[in-house]
Each structure stands twice: as C-alpha cells, then as structure tokens.
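S.K.: Below are the sequence and a predicted model; questions follow.
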Amino acid sequence: MYHRIVERRIRRTFADLNAGDVDYAARQFVEPVRHAMVGDHALGGTRCTEPKVREWYARLHRIFPDLRFELLAVLVRGWPWHTVIAAEWTDHFTLRDGTQGSNQGVHVVELRWGRAKALTVHCDTARLKSYLERIGAAGVAEALAAPIAD
C-alpha cells in the first residue's frame, strides 16, 4: 500500500510539472537536499537549498514552456524512513522554430519520511545540450546560462 501511495505522488508531481506548476515539485524537497541533473549545461549541476531548487524548476519551465512528460515506469523500493524511486520517462516539447523535440531519461529520487532528500535526473545530455543551444540561438539567453547551483 505504501509503495502505491508513493507512486501516485510521483505521478502527480509529473502531472503538475506538465501543467506548469513548478511550485508543487519544489515543495516536495526538504533541506538539506541534493537536487542534481547530469551534464554541463544550463540545467546541469547540483542544488542544495529549496530556493535554488525552485529557481531551477522555474528555469526549466521558462526554457521549455510546453514540456510534457510521459511516465513509462515507476519503481518504488524501501520503507518510509528510506525510499528510493526510479521514474522512467520520455518528454516532448516545441522548439522556438515550431519543430518538436523530445528526450528520454530517468529520475532517481530518495525519500525520507515522505519528503524528497535527493533527486538525480539522468537523460541524453548530448541531445539536451543540442536543444539548449538551438533555443539559445533563437534568443532565449537563459538556455545558455551557467547552471543554477549553490
């Protein structure tokens, strides 16, 4: 039953991200936190405080305003005092020139008593960096900015 509740919460978090509600995702974390995305690009790096996590989600939404995740699988292991979740996804979005983009990846989340303590996003970073360069060239300077970190 516990694993089912956690899976529903993860699915809700992705649904809220799809709806543009970045605050819900950011509120799931409790400090100290480790929020990381693999790669050397505007969305890469590691954040350790809730304000920086919130800033990261806001940037994600500004760069990819119509980003939509499709969850392929959610695996939940552990107990309330230490739960690990792997959420496999594909995403879809529209680039500034009107063409469609997509990527695929996995979020690995660590919960402690129902609150997110760590998240690492793994995806095709070469593909993401290419999209960020195209978006930056189309005038969205933030797509080429330094990673948000603290």
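M.R.: Arrived safely, thanks for sending.
S.K.: What would the lowest-mean-pLDDT helix or strand in the chain look like as PDB? C-alpha coordinates only.
M.R.: Within the chain, no helix or strand scores below helix 22-27, which has a mean of 84 by mean pLDDT, DSSP states H and E. Extracted as PDB, the C-alpha positions of helix 22-27 are listed here (Å, rounded to 0.1, in the frame of the first residue of the first chain):
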ATOM      1  CA  VAL A  22       6.700  24.200 -10.700                       C
ATOM      2  CA  ASP A  23       5.900  25.100  -7.100                       C
ATOM      3  CA  TYR A  24       4.400  21.700  -6.300                       C
ATOM      4  CA  ALA A  25       7.600  19.900  -7.400                       C
ATOM      5  CA  ALA A  26       9.800  22.300  -5.500                       C
ATOM      6  CA  ARG A  27       7.700  21.900  -2.300                       C
END
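S.K.: ok, the very next helix or strand once past it: who's next to it in the sheet?
M.R.: As assigned by DSSP states H and E, the chain's next helix or strand after helix 22-27 is strand 29-37. Applying DSSP bridges, strand 29-37 is found paired with strand 45-47 (antiparallel), strand 115-123 (parallel).
S.K.: for strand 29-37, what is the average pLDDT?
M.R.: Rounded to a whole number, the mean pLDDT of strand 29-37 is 92.
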